[in-house]
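Enquirer: The amino acid sequence is not available; the structure is as follows:
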């Protein structure tokens with residue numbers, strides 16, 4: 001199975017992040033599902049993700065990564081200079097997750113919520129579970 005990114009389907013920032021990743025993932029190594037979808041919920045259960053997770057999740061090699069660990073591991077597979085943030089995994093996880101949580105906890109306030117989703121192109125649609 002490809003690497004799977006689970007995202008908050010109601011969050012504008014999360015939706016923009018998915019579009020950002022798609023544009024910088026020329027090998028199409030990521031598939032996507034919203035946390036709210038049946039497939040997303042099934043994957044969370046299967047991989048024993050924290051029950052209260054409400055933001056980015058990466059499932060890679062049968063392991064579940066959340067918060068900054070997920071975001072930085074995603075960067076590793078993007079083209080260009082976007083690979084560089086991956087080295088931040090060397091920072092202590094509590095510090096990384098503290099910074100991540102500031103963005104995650106304010107994402108609705110700063111970026112809003114989706115009333116409806118953007119329709120993906122036929123090529124993009126193949127990448128959604």
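Expert: Good, I have the coordinates. Everything numeric in this text was worked out from a predicted model, so none of it was measured.
Enquirer: dump the residue contacts of the residue nearest to residue 26 when sequence neighbours are not counted.
Expert: Distance criterion C-beta to C-beta, 6 or more residues apart in numbering; nearest residue to residue 26, sequence neighbours excluded, is residue 79 at 5.7 Å. Any C-beta I mention is one placed from the backbone N, CA and C, and that applies to glycine too. For residue 79, the contact set (C-beta atoms under 8 Å, 6 or more residues apart in numbering) comprises 24-26.
Enquirer: Please flag which of those sit within strands.
Expert: Judged by DSSP state E, the subset of the contacts of residue 79 located in strands is empty.
Enquirer: Among the residues you listed, which one is most surrounded by other residues?
Expert: Ranked by the number of neighbours (other C-beta atoms under 10 Å), those place residue 25 first, at 18 neighbours.
Enquirer: sorry, back to before: look up how far residue 128 lies from the residue nearest to residue 26.
Expert: To residue 128, residue 79 is 21 Å away according to C-beta to C-beta, to the nearest Å.
Enquirer: same deal with residue 38?
Expert: Distance, residue 38 to residue 128, by C-beta to C-beta: 13 Å.
Enquirer: repeat for residue 109
Expert: 27 Å.
Enquirer: cool, and residue 86?
Expert: Counting by C-beta to C-beta, the gap from residue 86 to residue 128 is 25 Å.
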